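Undergrad: Show me how the following folds:
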Amino acid sequence: MPGSIDFFVMKAVFTQQFWNGDYLVRRPIGEWQQKAHSTFDTALSDNDNTILAAAANSFALLLVKCRQTADAKSLCQSQKRAFLRTDPELAVQPHINLGRIAARQGRWEEARRHFFWQDKGLSQNRVLVDRQTVILESSASLDVCTTVCLTEGTGAYFNELRKNGNSLEPAFRALQEFEPVKPALVAETTAWLAFHTNEEKRLAGAIDNLVQLGGDPLRVLFLQTLQALKRKDMDSVLRTVLVLASCLDGQTDQLPRLASLLISIRTLMTENRIAPDQVRMIGRLPAVRSALQKLNDCEISAAFQGETFMYKANPEEQEHLDQTLDHMLRTFRTMQEPRRAMA
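TA: Now for the predicted structure:
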């Protein structure tokens with residue numbers, strides 16, 4: 001249903017943690033839509049399912065950012081069904097994206113089913129998608145799925161347990177299953193969740209563990225910011241922000257990573273009831289202001305001005321969004337027909 005609007009009504013217990021490059025620097029809606037549409041058309045003419053999937057995944061994200069969540073869900077479902085028939089490994093990403101949508105709406109049990117793999121949290125390279133076991137042959141796909149299962153899957157599990165008033169220890173134990181494959185990310189995720197559960201000893205232990213594992217120094221700095229926020233130690237928070245910004249200053253290839261760090265720090269400050277003037281003060285620091293200008297990101301700039309930012313498509317943009325959505329849905333429905341499916 002093109003043009004539908006679906007506002008999120010339930011706030012997540014845990015803020016989403018950052019990953020390298022995971023934050024997509026925002027483009028204007030029209031430009032984003034045009035690129036997704038043209039890439040999708042090129043993939044169709046070249047019979048390239050991988051690029052087709054990437055274009056659809058990008059457009060689904062745009063729909064979510066435009067608060068057209070129902071449309072994004074419809075696209076992900078149609079895409080998943082099509083690729084389960086033609087190229088099952090490509091069905092995993094829309095399956096994960098449906099879990100992300102469920103998590104954003106507070107449906108934690110449903111979200112966890114999309115994030116966690118067959119049987120226990122980790123099951124080698126097998127993913128259960130709509131009762132069909134998909135074998136991940138690509139090392140890149142395997143790495144992404146492991147990371148999502150570890151981070152977002154564990155977060156959904158924590159939220160589900162907390163919502164039902166249960167002990168959170170089963171989720172911490174599930175997290176430890178991933179230590180053999182991603183010890184540093186396990187330590188980071190443990191620290192993140194310990195921060196949200198006010199377990200300062202566990203938080204400190206996880207940070208120490210990350211240091212011993214030779215973890216990324218910038219991630220360590222960020223996690224130490226969590227400790228400072230718990231103590232309301234704004235001097236330490238400001239020092240960390242300046243170090244992060246100065247480390248990445250001038251490295252344009254690192255800007256998406258810096259965006260992730262900045263938006264996470266800003267969100268955490270707000271959730272911990274740091275005064276709005278102090279949030280805005282960080283946005284006015286020369287190093288941060290320079291980074292924000294290079295990012296040219298309306299969402300982050302608004303956040304550091306203490307403003308609420310929401311995408312708003314004008315009538316012409318909305319018409320183009322609807323056309324692209326309809327085009328993609330028709331394509332994936334065609335791919336679900338056995339005699340007309342793409343190879």
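Undergrad: looking at the protein, which helix or strand is least sure?
TA: Using mean pLDDT, DSSP states H and E, helix 255-271 stands out as the lowest-scoring helix or strand of the chain, at a mean of 68.
Undergrad: residues in contact with the very next helix or strand once past that one?
TA: Toward the C-terminus, helix 255-271 is succeeded by helix 276-284 as the next helix or strand (DSSP states H and E). Here helix 276-284 makes contact (C-beta atoms under 8 Å, 6 or more residues apart in numbering) with 234, 237-238, 241, 265-266, 269-270, 288-289, 292, 301, 303-306. Quick note: C-beta positions are derived from backbone N, CA and C, even for glycine.
Undergrad: For Ala111, list the residues it contacts.
TA: Ala111 touches 99-100, 102-103, 152, 156, 159, counting by C-beta under 8 Å, 6+ apart.
Undergrad: That one and Glu160, how far apart?
TA: 8 Å (C-beta to C-beta, to the nearest Å).
Undergrad: ok, now Val181?
TA: From Val181 across to Glu160, the span is 23 Å (C-beta to C-beta).
Undergrad: how many neighbours does Ser246 have?
TA: Neighbour count of Ser246, defined by other C-beta atoms under 10 Å: 14.
Undergrad: Skip the chain neighbours and tell me the closest residue to Ile96.
TA: Leaving aside its sequence neighbours, Ile96 sits nearest to Val148 (C-beta to C-beta, 6 or more residues apart in numbering; 5.6 Å).
Undergrad: same question, Cys76
TA: Spatially, and ignoring its direct neighbours in sequence, Cys76 is nearest to Pro94 (4.1 Å; C-beta to C-beta, 6+ apart).
Undergrad: Tell me which residues touch that neighbour, please.
TA: Neighbouring residues of Pro94 by C-beta under 8 Å, 6+ apart: 53, 56-57, 60, 75-77, 79-80, 83.
Undergrad: Check Leu213 too.
TA: Leu213 sits next to 183-184, 187 when contact means C-beta under 8 Å, 6+ apart.
Undergrad: what do you get if the cut-off is 6 Å, keeping everything else the same?
TA: Contact analysis of Leu213 by C-beta atoms under 6 Å, 6 or more residues apart in numbering lists 183-184.
Undergrad: How about Asn97?
TA: So Asn97 contacts 60, 76 (C-beta under 6 Å, 6+ apart).
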